[in-house]
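Colleague: Fold the following.
(2 chains)
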Amino acid sequence: MDLKNKKIIALGERDGVQGSAISLCVRSAGAEVVLDVTHCFV
Amino acid sequence: MATLSCGWSNVFELPKTHCYTRPTNMQTETASKAPVIQGVRYFLAHTPGLVQHGSKPSRDLMLDPGLATDLASHLRSFSEAAAYLPNRAFLGGIYPDELLKTPRPWYRLNGEYPRWNPHGEIMPEEEFYGLLKIGDSFDLVWLDEDFIKDILATFADHPLISKYDLEKLGQGHPNLKIKEMLTESAERLPLQLSDGRTVGCVVGAHDQDATLTPDVLLENLSCKVSAAMAFRTLMSQLGTDPNDIPYVINCGEEAVGERYQRGGGNLAKGIAEMCGCGNASGSDVKAFCCGPVHAMVMAAALVNSGVYRQVAVVAGCSLAKLGMKFRGHLDHDQPVLEDVLAATAIMIGEDDGISPKLRLDSLGRHTVGAGSSQQAIMKCLVSEPLERLGLRFGDVDKYATELHNPEVTEPGGSGDVPLLNYRMIAAMATVNKEIAKAEIPAFVEEHGMLGYSPTQGHIASAVPFLAHAVDRIKAGEMERAMFLAKGSLFLGRMTQLSDGMSFILEKNH
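Modeller: Sure, this is the predicted structure:
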């Protein structure tokens, strides 16, 4: 998938992948992160 | 002082003197004392009537009052909650690995439903409402007069409820008066049984203070009394005189305070007071779900440094988390399993030559600059301490991590949290070339466990296994266990950081 110029909502999870980690990845692929949130579901 | 039927002194009468008396467990000079875990006990309260006051149910019910019927029809009876295998594992009735032999769904199994288990009791909601009144110093809880007569009868046989406690229940109020109170003002919260009967209410303490509303006060009071019951159970079973306790650390997550100091804290002293620890001081340690492990390390350090010979770590329940995933449970037509409040109490003291040692040289710390990926966190909490001590991953018999019951979390879409953590630990063992990739499932089964804790936040983080580990280590069936907890600091919106802390508990040679 080409993420260049795409707008991304990064939803992270405490015991999985955190939002900030998702953001770093997609930014490196040229995407714009419009929301970066990490939740704890327990 | 009188002696209770449980065999300990009547600790619920404070000493007659109000001047300071130095507890025998307080050091007079500095010394280096290896800290051990002398005992751990738990407390559960089955409170289906309070599920409606959990954060998620209360918000959803406000938006859609029609949900109430569906919710009520999926609540469990006391015998079902007491027989529920994860609850029995939490209270020491079974060893967690026994869950591996029992196929899910566990909630369909009917078996023994003992109230009293080796590591603590599960209390019915009627008595828990009475307990709220016993712990209420400001007339916040109003109970029905006939209801009080009923619970007086059941409390009479409770080994940890004293005559002084029963006096605090008072005479109660006519049911009509309570219903009038609820009609007059929205600043009152009904206390209902699971059958819908209103048996009391909680009143607010200030009409313009968002921190003293009845829902907040109910959460705080529940945290206080549940922690007190776990602490009473612990002292009773250890034979500890409460007047000998010099210091109590509370690590429950509730923000006790008022408008000028929200979360001001020191619920520890309120809990100590309710347990008759007249010579104790105390304070709170806050670190989200990681709080108990931080608190234990601080308690161990206080013992090790010689400041105190004994420190109690207590943690009460999280009422807000009742019914947190009830929508998922209703969607799957399964019982609403988040219907219990949980608490724990841990006694840390000087080396007695028998109890397992909390190794202060084994601490794992998730530092500010460590990074927030799971790999970075686990490196701080597991790999680095093991490497420092010259241990291999397999040298730790059991890892106790987030022990949330997957039967609770999976229907809500949150997955199997313990399994995620154990796979990460096993993966790090493969990176260290200690095990092959194909051995990961076997490593997880041998060194991990299925989750069995109620989803009560800090209570589910590692500490549910502590009493099992103490038992096994003392019995010579286990050499060491590692306890690691994580905290979601980002939820408070002050930092994007996570938190984490770990320690190793080891046989006392």
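Colleague: need the strands for the chain, in chain order.
Modeller: Going with chain A. With DSSP state E, the ranges of strands along chain A come out as A:7-13, A:32-39.
Colleague: not what I meant, chain B
Modeller: Assigned by DSSP E, the strands in chain B fall at B:35-46, B:116-117, B:120-123, B:141-143, B:188-192, B:198-203, B:247-250, B:281-284, B:310-315, B:340-350, B:357-365, B:398-400, B:480-487, B:499-506.
Colleague: Distance to chain A and mean neighbour count added to the ones you listed, as JSON lines?
Modeller: To be clear about C-beta, it is placed using only N, CA and C from the backbone, and glycine gets the same treatment. Shown next, in JSON lines, are the strands of chain B (distance: least, CB to the nearest CB, whole Å; neighbours: other CB atoms under 10 Å in any protein chain shown):
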{"stretch": "strand B:35-46", "distance to chain A": "17", "mean neighbour count": "26"}
{"stretch": "strand B:116-117", "distance to chain A": "24", "mean neighbour count": "16"}
{"stretch": "strand B:120-123", "distance to chain A": "21", "mean neighbour count": "24"}
{"stretch": "strand B:141-143", "distance to chain A": "29", "mean neighbour count": "23"}
{"stretch": "strand B:188-192", "distance to chain A": "25", "mean neighbour count": "22"}
{"stretch": "strand B:198-203", "distance to chain A": "27", "mean neighbour count": "22"}
{"stretch": "strand B:247-250", "distance to chain A": "21", "mean neighbour count": "27"}
{"stretch": "strand B:281-284", "distance to chain A": "21", "mean neighbour count": "20"}
{"stretch": "strand B:310-315", "distance to chain A": "16", "mean neighbour count": "30"}
{"stretch": "strand B:340-350", "distance to chain A": "13", "mean neighbour count": "27"}
{"stretch": "strand B:357-365", "distance to chain A": "17", "mean neighbour count": "19"}
{"stretch": "strand B:398-400", "distance to chain A": "14", "mean neighbour count": "24"}
{"stretch": "strand B:480-487", "distance to chain A": "7", "mean neighbour count": "26"}
{"stretch": "strand B:499-506", "distance to chain A": "10", "mean neighbour count": "25"}
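Colleague: Just send these back as TSV, with mean pLDDT too.
Modeller: Below are the strands of chain B laid out as TSV (pLDDT from 0 to 100):
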stretch	mean pLDDT
strand B:35-46	98
strand B:116-117	98
strand B:120-123	98
strand B:141-143	98
strand B:188-192	97
strand B:198-203	98
strand B:247-250	98
strand B:281-284	98
strand B:310-315	98
strand B:340-350	98
strand B:357-365	98
strand B:398-400	98
strand B:480-487	97
strand B:499-506	97
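Colleague: closest to B:Thr240 out of these?
Modeller: Among these, strand B:340-350 comes nearest to B:Thr240, with 7.1 Å by CB to CB.
Colleague: ok, B:Met482 - contacts?
Modeller: By CB atoms under 8 Å, 6 or more residues apart in numbering or on different chains, the contact set of B:Met482 is B:362, B:382, B:385, B:396, B:398-400, B:502-505.
Colleague: what's the neighbour count on the nearest residue to B:Pro356 once chain neighbours are set aside?
Modeller: The shortest distance from B:Pro356 to any non-neighbouring residue, by CB to CB, 6 or more residues apart in numbering or on different chains, is to B:Ile473 (4.3 Å). Using other CB atoms under 10 Å in any protein chain shown, B:Ile473 is surrounded by 23 other residues.
Colleague: What distance do you get for B:Ile473 to chain A?
Modeller: 27 Å (CB to the nearest CB, to the nearest Å).
Colleague: same question, B:Met62
Modeller: Distance of B:Met62 to chain A, given as CB to the nearest CB: 22 Å.
Colleague: quick one on the thing from earlier: what's the pLDDT at the residue nearest to B:Pro356?
Modeller: We note a pLDDT of 98 for B:Ile473 in this prediction.
Colleague: and what of A:His39?
Modeller: So A:His39 comes in at 86 (pLDDT).
Colleague: Repeat that for B:Gln496.
Modeller: B:Gln496 carries a pLDDT value of 87.
Colleague: Kindly provide the distance from it to B:Leu67.
Modeller: Look at B:Gln496 and B:Leu67: by CB to CB, to the nearest Å, they are 34 Å apart.
Colleague: Contact residues of chain A facing chain B?
Modeller: Contact residues, chain A versus chain B (CB under 8 Å from any CB of the partner chain): A:14-18, A:20-21, A:38-42.
Colleague: what's whichever residue of the stretch 251-400 of chain B sits closest to chain A in contact with, if anything?
Modeller: Nearest residue of the stretch 251-400 of chain B to chain A: B:Ser372, at 5.0 Å (CB to the nearest CB). Residues near B:Ser372 by CB under 8 Å, 6+ apart: A:18, A:20-21, B:496-498.
Colleague: Highest neighbour count among the residues you listed?
Modeller: Within the contacts of B:Ser372, most neighbours by other CB under 10 Å means A:Gln18, with 27 neighbours.
Colleague: Not counting its neighbours along the chain, what's nearest that residue?
Modeller: Distances taken as CB to CB, 6+ apart place A:Gly12 nearest to A:Gln18, at 4.1 Å, with adjacent residues excluded.
Colleague: and that neighbour, what is it in contact with?
Modeller: Counting by CB under 8 Å, 6+ apart, A:Gly12 touches A:18-22, A:36-39.
Colleague: quick one: low-confidence ranges for chain A?
Modeller: Within chain A, no stretch falls below the threshold (pLDDT under 70).
Colleague: Equivalent analysis for chain B, please.
Modeller: Along chain B, segments meeting pLDDT under 70 span B:1-32.
Colleague: which residues does the residue positioned nearest the centre of chain B contact?
Modeller: Central residue of chain B (CA atoms, centre = their mean): B:Ala343, 2.6 Å from the mean position. By CB under 8 Å, 6+ apart, the contact set of B:Ala343 is B:42-44, B:223, B:226-227, B:229-230, B:252, B:314-317, B:459.
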